[in-house]
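[1] Based on what follows, work out the 3D shape:
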Amino acid sequence: MSLFPQKGSPVQNLELIIQDKIENDIVFETIHHIRVGYIYKKSHLTFLQIANRAGSQIESNEEWGISHILEHMFFKGSKKRPNSIEFLRSYNRIGASMNAYTDYDHTNYHISMLNEVFEEGFDIIADMYINPLFPESEFKKELNPILSEFRENEDDPVDYLYENCMKNFISPFHSILGTEESIKKTTIEKMFQFKNKYYGKNNTVITAVGGISPDLFFNKIKEYFKDLPLSIEVQYPSVKYKEGSITLHKKGISEGYVMILFPALPTNHKDRIKQNFLNYILGGMDSSLLFERVREELGLSCYEISSNITRNQSFSVLEIFAGISPEEIPILIKEIDKIIDFLTNEKISHHQLLIAKNTLKTQICAMAETNKGISSLLLNTLLRNEYQDPIEVILREIDEISLEDIREIAQTTFANKKFIGTLLPE
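    Residues are numbered from 1 along each chain as shown. Coordinates of the predicted model:
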């Protein structure tokens with residue numbers, strides 16, 4: 001049983017969820033222009049997320065990295081808790097944990113807390129989101145950790161290869177972290193300009209999963225967010241993909257690295273789950289075609305070989321990645337091409353199909369066992385502006401995938417422009 005009220009309509013019969021203790025019932029609402037999703041789950045904890053649809057892809061050249069800087073600075077003081085120490089102690093005192101992340105199409109702030117302290121925990125994260133202070137003194141201190149994170153990203157060979165491949169494959173694109181120059185040029189004034197421009201109620205998405213009553217959750221949003229202003233609607237840039245290749249060299253490494261990129265289907269495409277399943281067969285599990293061929297059959301020196309899909313509102317990319325001895329890179333690329341050719345022109349066995357379905361369904365259900373996991377699936381649903389049970393949809397579509405579906409989606413996926421990046425020791 002699921003409740004799907006129309007956006008903006010009153011939520012009815014919420015008490016039934018608590019009275020009957022029906023787990024995983026979903027209620028969607030729109031409150032003060034904010035898209036909201038709630039799932040009751042029998043638990044001592046509640047996991048709450050407040051996401052803003054502003055991510056790094058909407059930043060202008062002068063703003064590179066500012067979404068990520070705001071992510072840091074929201075923790076440095078708010079109207080009720082004016083400095084970082086007071087803020088940290090406020091949620092530690094009630095035993096809650098808080099964190100955040102910045103993505104290409106949104107920035108997420110989240111808190112996990114005992115149900116009994118939900119009201120205080122909500123006050124902390126809502127005050128942080130609505131009333132940040134961005135103190136100059138705190139920014140001066142936080143600038144060093146932000147620059148340290150940037151340098152770590154540059155030092156890591158995988159991140160270094162990925163960023164350089166994406167810059168050449170996708171336009172427009174820049175690192176979530178920005179550049180060292182753009183970070184140093186950020187000011188408090190620029191932070192408030194970006195916050196006031198995008199951090200309005202219409203760009204906000206809030207989800208919660210846990211054991212609190214849904215009416216308490218919805219009422220808190222109505223109370224706290226009523227005066228949050230509207231802002232400019234986020235418009236993600238359309239990107240172009242460019243076929244090509246790049247070879248990079250880096251000091252201090254002995255391993256070689258390979259990354260192969262293909263455009264993937266948009267985040268709201270009807271066949272995206274079929275493509276996710278194709279990715280899982282290709283390199284998303286221990287029994288994937290890439291792992292079995294390269295690691296188990298050929299015994300190449302790959303410690304890691306995998307594939308992944310990065311999909312967001314601005315761009316979507318299927319990534320094949322491997323770390324391998326530099327001398328074996330030509331063999332590896334040849335074998336990857338063979339597997340892609342097989343998926344495009346042949347059918348995998350029913351046995352392989354069954355393994356992939358069972359493994360992926362287990363992974364999805366395991367994710368849904370945790371408040372954080374199911375909340376993340378719910379958040380992604382609302383970011384796509386969809387109002388449906390994400391678990392039910394994914395499991396149903398996985399069950400319906402056929403051998404022919406895999407071949408057809410492979411033909412669609414691998415007919416697109418390809419980019420190959422290699423990183424070698426200097």
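[2] Show me where the stretch 251-400 of the chain has its helices.
    272-283, 289-290, 329-345, 350-368, 371-383, 390-400 (DSSP state H, counting those that start in this stretch).
[3] Just put the ones you listed in JSON lines and tack on distance to residue 193, mean pLDDT and mean neighbour count.
    C-beta: built from backbone N, CA, C; applies to glycine. Putting these into JSON lines (distance: least, Cβ to Cβ, whole Å; pLDDT from 0 to 100; neighbours: other Cβ atoms under 10 Å) gives the following:
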{"stretch": "helix 272-283", "distance to residue 193": "35", "mean pLDDT": "96", "mean neighbour count": "23"}
{"stretch": "helix 289-290", "distance to residue 193": "45", "mean pLDDT": "97", "mean neighbour count": "23"}
{"stretch": "helix 329-345", "distance to residue 193": "45", "mean pLDDT": "97", "mean neighbour count": "16"}
{"stretch": "helix 350-368", "distance to residue 193": "37", "mean pLDDT": "94", "mean neighbour count": "15"}
{"stretch": "helix 371-383", "distance to residue 193": "24", "mean pLDDT": "95", "mean neighbour count": "21"}
{"stretch": "helix 390-400", "distance to residue 193": "35", "mean pLDDT": "95", "mean neighbour count": "16"}
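[4] Please identify which of the ones you listed is closest to residue 201.
    Proximity to residue 201, assessed across these by Cβ to Cβ, is greatest for helix 371-383 (13.9 Å).
[5] show me where pLDDT drops low in the stretch 1-150 of the chain?
    1-24 (pLDDT under 70).
[6] what number of residues lie near residue 238?
    The local packing of residue 238 (other Cβ atoms under 10 Å) involves 8 other residues.
[7] Check residue 78 too.
    23.
[8] Assess the claim that it and residue 126 are in contact.
    No - in this structure residue 78 lies outside contact range of residue 126 using Cβ atoms under 8 Å: 9.3 Å.
[9] quick one: which of the helices of the stretch 251-400 of the chain is nearest residue 94?
    helix 371-383 (16.7 Å).
[10] For that closest one, C-alpha coordinates in PDB please.
    What follows is helix 371-383 as a C-alpha-only set of coordinates in PDB (Å, rounded to 0.1, in the frame of the first residue of the first chain):
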ATOM      1  CA  ASN A 371      17.200   4.400   6.300                       C
ATOM      2  CA  LYS A 372      20.000   6.200   4.500                       C
ATOM      3  CA  GLY A 373      19.900   3.800   1.500                       C
ATOM      4  CA  ILE A 374      16.200   4.100   0.900                       C
ATOM      5  CA  SER A 375      16.200   7.800   1.600                       C
ATOM      6  CA  SER A 376      18.800   8.200  -1.200                       C
ATOM      7  CA  LEU A 377      16.700   6.300  -3.600                       C
ATOM      8  CA  LEU A 378      13.700   8.400  -2.700                       C
ATOM      9  CA  LEU A 379      15.700  11.700  -3.000                       C
ATOM     10  CA  ASN A 380      16.900  10.700  -6.500                       C
ATOM     11  CA  THR A 381      13.300  10.000  -7.500                       C
ATOM     12  CA  LEU A 382      12.200  13.500  -6.400                       C
ATOM     13  CA  LEU A 383      15.200  15.200  -8.100                       C
END
